[in-house]
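Peer 1: For reference, the sequence and a predicted model appear below.
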Amino acid sequence: MTEATTPDSAEKPANESRRALLKGAAAIGAVAAGTQMLPGMVPYIQAQTSEPIKIGFQVHKTGIGAAYGRWYDRTTTAAAQLINDEGGINGRPVEIIAEDDGTDPKRGAEVIEKFATQHNADIAFGTLFSHVVIGSAPRAGELKLPYFVVSEGHHVASGMLNRYTLQPGITDVRSQVQSMAPWVADNLGKKVTMIYPDFAFGHDHRDYFSAAMEAQGGEVVAKIAIPPTEKSFTKYFTQIPRDTEVLYHVMVGPAVLTFVKELGEFFGGRGPEVFGFIDSLEAVDMASPGLEFLDGTYFWEGNPRYAGDWSSDHDAFYRKAVGVDANGASVTDPKDISTYAHMFGCWETLHIVKAAMETSDYSGPEGRAGLIEAVENMAVFPHSRAHPQGDKLFNGRTHQAFGHQFISQVKDEKLVPVHRTSIFDSYYPDEVDYTKQSF
Amino acid sequence: MDFGPQLFLASLDGMVTAAVLALTALGLSLVFGVMRVVNVAHGEFFMLGAVIAWFVASNIGGHAAIGFIAALIIAPLVVGAIAAAADWIVLKRLDYEPEATIVATIGLLYILQQGALVTFGPVAQAVEPPFNKRIEIPWFEGANVGWGLFTTSYKLFVIGATIAILIGVWLLLSRTKIGLVMRATQLDRETAQAFGIPVEKVYALTFGFGAALAALAAVLIVPIQQADYLMGGDPLLLSFIVVIIGGLGSLRGTLVAALIIGMSDGIISVFFTPTLAKIIATLAVAMVLVFRPQGLFGAKAQ
């Protein structure tokens, strides 16, 4: 083996080189910070025209949410296309201005600022990951820019954000898990171990599912948090207690496929019942090698990925418009699997924006408060082409929509819905009244 | 799960981490030892190895093993060539000045990372392992075996392959003329040059070889962990930790430190939390710098 230096020639080089190495280590930190800001630094000059309604679309094009971003983008493009084909909003065309937030809260806030100050966007819209929403919403509030999120997190209805932030197009985690818990307790078991990502979204699962399970006479015997950037998972699974009857998993991030594969290897065909949130397998092919063990297990789906006799005509219309086939994959590439359980939220939110802008006769930024009031006054979204996932109720006080949830079973590498919850299963008392806040 | 089985599982996972880390850190240590270049782009060569493995494996049909073996050969070669070219085009022109090369390799990091984002895309991709048999570990709970006590044949292969590669690198450095020339250059660049050693070529070769080791580590791990354009950060940080603890330029120290960091990461993650494992590793770096600045196996500065 070689050694670095001999003692007599060593003195200077060894000291110098150690310094050099430490500088390198410091540089890593600088690089880590730099990576976050680089794309945001690109100057972007937009031609000034007051004609179209400008919707700033905050999208996870890169970072750990990229798979969702790709499909949120396609869904949003399709919805805007449809709205424009049918005459736009108040006779004005809709223009989608997409900006990458890198699935990063800091850049998310910068993107919001760009929408307000550079693009002169009428509203901001779009993003999914809860930490990006929580990082961006305060800036949207300060800039008085209506911010329509499609995020699932409970942070809107919890009262944590502000009057400018609304979530009318997708249900939140609290209502989802609350409506799932009775079914899990009745059909799968009462002793549950939870595995969830270690950030706001996962904490919503942890807090509200545990509470809902206890209300059913069940018990959460272990709570295992995993950082969303983690790459290997078996070491966490060893914490699953032996008396677990149901394993509840929800995972996000680039390594979800690895997560589920390692879960299968860990149990090796034995083990507890498995109930997952489809987040663990969004954008992943159910026929991937290593996922065979999922056959017979259950998933929550916000909207069923596979088309079948459970699908409505509205879903068929929406599916075709976005370019998704009956297996939930892109019509041009069967290996490009959509995030079907979530992305309908973009479609529905844009239709709500259209309806509210028409109700409030929105004509420009001075009408933003009126636009928010118009949304707050909405109560029912009927199942329709604008709401293909199903009918919903909207709570104007908490800025949150409530809807049906699906539990699907894996059969022959497909997801088949076996249970659809009622909207009222998912209702909970208000935690905030945003309408009391001033604009 | 009982303590014994859990410790066993943790150690096995720790061994896999240590194996991949040893290869990656060895590349960093070698480049630093011979060239005195702190290669901040080292993690991106790791990432590039994984991404190229995916390109190769997904473009070669047939059994997964064919694609994997092809990737095992092609990815390190391509990455090594890219690194050698980077040395020739950039580092050589900076005269290997320590500050300048740090900045240059930061630039390289961005170029490689954003290049991968443009060509490979933002989404993680899986490479199928050539074989992946689940192996039960029955002896802890006797006949009443439960779930969770297992390893896979592929994980054992990663450990075995790493040991083989490390022996190969050791033989290369200690028994071949290339190794001799590299060691001579490391010891004293100017004297080596005076003896007719083409130092610039040795540098390009070393930089390429160091990057190829990182790429090789990535090809081994990618069937377990997926390829992703942002995956270079962790290996870079851990390699630096390993190289600082092990001692600058000391290959033996690098291996020992990789084993310590990899195993402790596996074991502490299982019994406590992965965050604590990272905290302890970073604390170890601080302690080593304070009490034994030359590292565990580094030559002592007088």
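Peer 2: Now that the structure is in, tell me what you want to look at. A quick note: this is a predicted structure, and the numbers were derived from the prediction, not measured. Residues are numbered from 1 along each chain as shown, chains lettered A, B, ... in the order given.
Peer 1: Who are the contact partners of the residue in the stretch 251-400 of chain A that chain B sits nearest to?
Peer 2: Proximity to chain B, evaluated over the stretch 251-400 of chain A using Cβ to the nearest Cβ, is greatest for A:Pro254 at 3.7 Å. Quick note: C-beta positions are derived from backbone N, CA and C, even for glycine. Taking Cβ atoms under 8 Å, 6 or more residues apart in numbering or on different chains as the contact definition, A:Pro254 lies against A:64, A:66-67, A:229, B:123-124, B:226, B:228, B:230.
Peer 1: Now which of those would you call buried?
Peer 2: By neighbour count, with 16 or more other Cβ atoms under 10 Å in any protein chain shown, the contacts of A:Pro254 hold A:64, A:66-67, A:229, B:123-124, B:226, B:228, B:230 as buried.
Peer 1: so what strands line up beside the worst-scoring helix or strand of chain B on mean pLDDT?
Peer 2: In chain B, no helix or strand scores lower on mean pLDDT, DSSP states H and E than strand B:134-136, which sits at a mean of 83. Looking at strand B:134-136 with DSSP bridges, its partner strands are strand B:150-152 (antiparallel).
Peer 1: wait, B:Leu117 sits on B:Tyr229?
Peer 2: Yes - the pair B:Leu117 and B:Tyr229 passes the contact test of Cβ atoms under 8 Å, sitting 4.9 Å apart.
Peer 1: more neighbours, these two?
Peer 2: Between B:Leu117 and B:Tyr229, B:Tyr229 has the larger neighbour count (other Cβ atoms under 10 Å in any protein chain shown), namely 27 against 16.
Peer 1: measure the more buried one to A:Pro334 for me?
Peer 2: 24 Å (Cβ to Cβ, to the nearest Å).
Peer 1: and what of A:Ile352?
Peer 2: Taking Cβ to Cβ, one finds A:Ile352 at 32 Å from A:Pro334.
Peer 1: Which of those two has more residues huddled nearby?
Peer 2: More crowded of A:Ile352 and A:Pro334, by other Cβ under 10 Å: A:Ile352, with 23 against 12.
Peer 1: how about the closest residue to that one other than its chain neighbours, what does it touch?
Peer 2: Spatial nearest neighbour of A:Ile352, chain neighbours left out: A:Pro168 (4.8 Å); criterion: Cβ to Cβ, 6 or more residues apart in numbering or on different chains. A:Pro168 makes contact with A:148, A:348-349, A:352, A:375, A:378, A:381, A:394, A:399-401, according to Cβ under 8 Å, 6+ apart.
Peer 1: Please repeat the previous calculation with a cut-off of 7 Å.
Peer 2: Contact partners of A:Pro168, counting by Cβ atoms under 7 Å, 6 or more residues apart in numbering or on different chains, are A:349, A:352, A:375, A:394, A:401.
Peer 1: go on, B:Phe120?
Peer 2: So B:Phe120 contacts B:51, B:229 (Cβ under 7 Å, 6+ apart).
Peer 1: how many neighbours does residue 107 have?
Peer 2: As the question left the chain open, I've gone with chain A. Counted with other Cβ under 10 Å, A:Arg107 comes out at 24.
Peer 1: wait, I meant chain B there
Peer 2: 14.
Peer 1: and the stretch 251-400 of chain A, which residues reach chain B?
Peer 2: The stretch 251-400 of chain A has residues A:254-255, A:257-258, A:265-268, A:270-271, A:289 near chain B, with proximity defined as Cβ under 7 Å from any Cβ of the partner chain.
Peer 1: What is the longest helix along chain B packed up against?
Peer 2: For chain B, the longest helix by residue count, based on DSSP state H, is helix B:3-35. In terms of contacts (3 or more Cβ pairs under 7 Å, 6 or more residues apart in numbering or on different chains; DSSP states H and E), helix B:3-35 is packed against helix A:234-237, helix B:42-59, helix B:153-175, helix B:177-187, helix B:199-225, helix B:233-246, helix B:251-271.
Peer 1: closest one to A:Asp207 among those helices?
Peer 2: The closest of the helices and strands packed on helix B:3-35 to A:Asp207 is helix A:234-237. By Cβ to Cβ, the value is 19.3 Å.
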